[in-house]
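>>> Take a look and give me a structure for this.
(3 chains)
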Amino acid sequence: MLKMQCAKPIRKRLRKRNIKRSRVPLSKTSSVIFAPSADLTTEGKEEFAVLRGFHFKLDRAVMVPVQRHWILSTLSVELGKDRIGARGYALRDGMNAATYDVVIVGAGIVGAACADECARRGMRVAVVDREMVGSGATAAGMGHIVVMDDSEAQFALTRYSQQLWQALRRDLPEDVEYDQCGTIWVAADEEEMAEVRRKHDYYAQRGVPTLVVDSEALQRLEPNLRDGMAGGLLVAEDAVLYPPCAARFLMERAQELGAQLQLGAPVTQIGEGRVRLSDGVEIAGGMVVNAAGAWAPELTRGMEIKKRKGHLVITDRYPGFLRHQLVELGYLKSAHSVTSDSVAFNVQPRRTGQILIGSSRQYGAEHGEVDQAMLTRMLRRAQEYMPGLGQMSAVRTWTGFRAATPDKLPLIGPWPGDKSLFLATGHEGLGITTSLASARILVDQITGAKPEIPIEPYLPSRAVKEVAHA
Amino acid sequence: MMDKDSQQPFDVLVIGAGPAGMAAAVRAAERGGRVGIVDDNPNCGGQIWRGAEDDHGQEATAWSSRLRNADITKLFGMRVFHQPETGVLLAEGTDDVCELRYTNLVLATGARERFLPFPGWTLPNVMGAGGLQAMVKSGLPVRGKRVVVAGTGPLLLAVAAYLRKQGAEIPIICEQASWSSLARFGVGLLGRPGKITQGLQLKKELAEIPFAANSWPIGAHGGQVLESVTISRGGKTEVIACDFLACGFHLVPNVELQSLLGCQISGGFVQVDEFQQTSVQRVFCAGEPTGIGGVELALVEGQIAGLAAVGEKNAAQKLFGERRESHRFARMLDRAFRLRPELRSLPSAETIVCRCEDVPYSRLQEHRSWRAAKLHSRCGMGPCQGRVCGPATQFLFQWNPDSVRPPVFPARVGSLGRVVSGL
Amino acid sequence: MHDSLLRAVTLSVNGSPVAVPAGATVAVAVAIAGQPCRRSVSGEPRGPLCGMGICFECRVSINGTPHCRSCQIVCEPGMEVRTDG
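Next up is the predicted model:
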């Protein structure tokens, strides 16, 4: 049995300074994890562990290097009469009572990307999710990596993130199914062709290669589109991938760097550096990141996020039928209404040869059931553009909830009113695309590094309904 | 011929035209209700009475003729895939889709074989026991072919007898259950003279075919097609050359439609009251989905459901005694052919478990639930929608099935996106 | 065997003519032609498993329509069946 004692004079000091702040009492037998950032030193024969300025005497310590962490296993902690504890270096079972630099709520693609980014910068990370990795909006979405130009800020974030995905591409395992198939924005008429040319100019000025295609060229690129389309804009660097496996890849990379993952753990409360699970266990962290997607407002009151329901349908395998992601330009007219329900023609060729058919947007729906009226509208729209879809075998439909903000930009950064709380949510239909960039600029803010793009448009302070000052 | 798309709802709509569905439709129609019956097969009879009518004895002939002569709208070759709103089902045929309205619904969706993965089970000519029988009934010649019959359940004997009649050579029947549980089953049958007669008849047909209990296939071998099977027989292995392996591990109920409709399901079976009504008002369920019990139980449950659906509760009650008898047989079946735990170690790391997406056993072991496996390995994401690998993984890993979403069976995009009148 | 099954129907499987008894399913025609029905997503040959239309292993292309469950479809004269995608 190993023993760890506070050296006496230090113990007094500790008691004075910390007993009230201590949140996690050390139990008699505790495992202790020291991260490299925990500033662990040993002095002389009598070993001392210095944790964030608190000195502990170690009678006999076996230090096992695990990844980049030192683990002192099964320490018996001599506490004396006063049950003092340096804030949370004790681990009761698994990670429950440990302290982390960052605790991330939500193991979707955004939470996973944040965990990966934090771990890569040497932080101690814990991730909790009520279900499993990539099972919320991540599993429900189409999985596109696209540049978008609704606003300058949306462009900056999507382009930055797309480049991060491109850099990551070589490392992605096969099951992520990354495929740079390109997007074609389909113009049905001359009015939409004008939009094609405007988009082309916009992207050209910002260094994104695009190609304007006329009616015949479009027909050659996508022979299964109905005749008579005016043309389109090919955005060649856009890609698609399979999001649940992408999220898992990021999470596993973070875990290799020591991130702790707890699944099947619903969170009931967050704030002031703590995350409380439904079983009453609290996890303490320097910072808490709310990456709970459309459920983020349930944990952080006052943020303006609405659930926006979507439907998708996937077919059996029809390799060669579709080559690019296709999106109607009428999308701009239909998808942008903040209040009404809408559908748009949006299809994707998956690496499997399957065709993913979208999309629909609905506010106010709380239940995940398939809504026949929306499904019908969505599929009819798809068949108007690609009549051949009608004969294809649909193997599955599903729905999901996107986290929508009023200005269609995500919330990335500190939450006003709680210095320990950061948000990474509100990504609506672009969470897969922007996950990597969101993680970058979030962690830049946590660590004080200089972000590569201006972050002001994404700061949560812009979208506060009522800041609840305690 | 029939107003498929009528806005007028059926008093009783029956899904599935096997014994349970036929009985339900016939009894409901005899009481004067407006009755429809739907099945995806081109003919009635289900799996058990598939093919020529006179092959299945007097009972089958009698019910077929009652069904033929009753005033019932028959929608064969149509598969129900969706309930877009309460009281409306969508069904798809080869080139059409129709909207079926109902006041009362009887779900008699039958069962399918349970398949368990073992090395080589994906080779062509390794089929279900019922699967091979169905192929032979559809014209596949097996005269002179060697067929190993293996797995578990009474179906194995019926299939072996049928195949032999068609000229196949059966080198062995491998039953995974132990002699002792089979013996208990045999003793239990003493109270069921009908079953004994059937058994004796089968015994005659099966004379000289070696029957081995405590045995099961552990590997199928061949290049492009099956050439031989390794079996474990009483603890020893044996290689047997063959042209076909007919292998099924008893039955699992088809409860996807019931699940879509919100019917309560417990332990894999649809929960019903004494009148065969499910937890959803006016939705009845009969036959294998309420418990695997064979033809006789299906027939009596179907009759009760059909009668209850048209409000003939007294007539239905008269059948309760008969149903109790058949329930006893169902419980015996369940006990006798329970899967032995050794079968969980049949697959090797490379053995494909999900045949639609080719997901090997090793990729499933790391997951904790069916949904996690689906999301991260694609297991069950193919067109069979997990009908094959779902029951297998349930046995291998104790995973529970997911909630069900439309389409409950793959359907054309055009059919799924159909505008439902009145919506 | 029944009378209906004795009359032959001729169709083509991967371009070669195959004669089957009337009433036989396409899966039977493919088996008589000695072909697997399909290649799995990793390239394995596959044939029918369940015989009742639920396992989707017997998918073939019929007259240009892919993913037809051959065990559920009765042969018609002149049908063009392909098992090579």
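>>> Can you show me the helices along the stretch 51-200 of chain A?
Remark: helices assigned in the stretch 51-200 of chain A by DSSP state H, counting those that start in this stretch are A:109-120, A:137-140, A:152-168, A:190-205.
>>> Present the ones you listed as a markdown table; the columns should include mean pLDDT, mean neighbour count and distance to chain C.
No exception for glycine: its C-beta is placed from N, CA and C like everyone else's. Output for those, formatted as a markdown table (pLDDT from 0 to 100; neighbours: other C-beta atoms under 10 Å in any protein chain shown; distance: least, C-beta to the nearest C-beta, whole Å):
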| stretch | mean pLDDT | mean neighbour count | distance to chain C |
| --- | --- | --- | --- |
| helix A:109-120 | 97 | 29 | 25 |
| helix A:137-140 | 96 | 25 | 21 |
| helix A:152-168 | 98 | 19 | 25 |
| helix A:190-205 | 97 | 15 | 32 |
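>>> how about these, which one is nearest B:G131?
B:G131 lies closest, by C-beta to C-beta, to one member of the helices of the stretch 51-200 of chain A: helix A:137-140, at 33.0 Å.
>>> so does the closest one get close to chain B?
Yes - on the criterion C-beta under 8 Å from any C-beta of the partner chain, helix A:137-140 is in touch with chain B at A:A139.
>>> what's that helix packed up against?
helix A:243-256, strand A:393-404, helix A:431-447 (3 or more C-beta pairs under 8 Å, 6 or more residues apart in numbering or on different chains; DSSP states H and E).
>>> excluding its backbone neighbours, what's nearest the residue of the stretch 1-150 of chain A found nearest chain C?
Nearest residue of the stretch 1-150 of chain A to chain C: A:G143, at 18.8 Å (C-beta to the nearest C-beta). Leaving aside its chain neighbours, A:G143 sits nearest to A:P243 (4.4 Å; criterion: C-beta to C-beta, 6 or more residues apart in numbering or on different chains).
>>> if we can go back for a sec, neighbours around the residue of the stretch 1-150 of chain A closest to chain C, how many?
By other C-beta atoms under 10 Å in any protein chain shown, the residues close to A:G143 number 26.
>>> what residue ranges in the stretch 101-250 of chain B score low on pLDDT?
Scanning the stretch 101-250 of chain B for pLDDT under 70 picks out B:188-197, B:199-200.
>>> Out of the helices of the stretch 51-200 of chain A, which is closest to A:V395?
With C-beta to C-beta as the measure, helix A:137-140 is the member of these nearest A:V395 (15.8 Å).
>>> Might you calculate how far the closest one sits from the centre of the chain?
11 Å (C-alpha atoms, centre = their mean, to the nearest Å).
>>> can you list contacts of that helix?
Residues from elsewhere that reach helix A:137-140 (C-beta atoms under 8 Å, 6 or more residues apart in numbering or on different chains): A:108-109, A:243-244, A:247, A:293-294, A:310, A:312, A:398-403, A:427, A:431-432, B:375.
>>> Write a PyMOL command that selects only the buried members of these.
Buried members of the contacts of helix A:137-140, defined by 16 or more other C-beta atoms under 10 Å in any protein chain shown, are picked up in PyMOL with:
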select buried, (chain A and resi 108+109+243+244+247+293+294+310+312+399+400+401+402+403+427+431+432) or (chain B and resi 375)
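>>> Please identify the helix or strand for the residue in chain C that chain A sits nearest to.
The minimum distance from chain C to chain A, using C-beta to the nearest C-beta, falls at C:H67 (5.0 Å). Element membership for C:H67 (DSSP states H and E) is strand C:65-69.
>>> Same question for A:A382.
helix A:372-385.
>>> angle of that helix against strand A:393-404?
Counting by axes from the mean of the first three to the mean of the last three C-alpha atoms, to 10 degrees, helix A:372-385 lies at 110 degrees to strand A:393-404.
>>> Around chain C, pick out the residues from the stretch 1-150 of chain A.
Within the stretch 1-150 of chain A, not a single residue sits near chain C (C-beta under 8 Å from any C-beta).
>>> any weak-confidence spans in the stretch 1-150 of chain A?
Counting by pLDDT under 70, the stretch 1-150 of chain A contains low-confidence ranges at A:1-98.
>>> redo that, cut-off 50
Low-confidence segments of the stretch 1-150 of chain A (pLDDT under 50): A:1-97.
>>> For chain B, what is the nearest residue in it?
Relative to chain B, the nearest point of the stretch 1-150 of chain A is A:M132 (4.8 Å; C-beta to the nearest C-beta).
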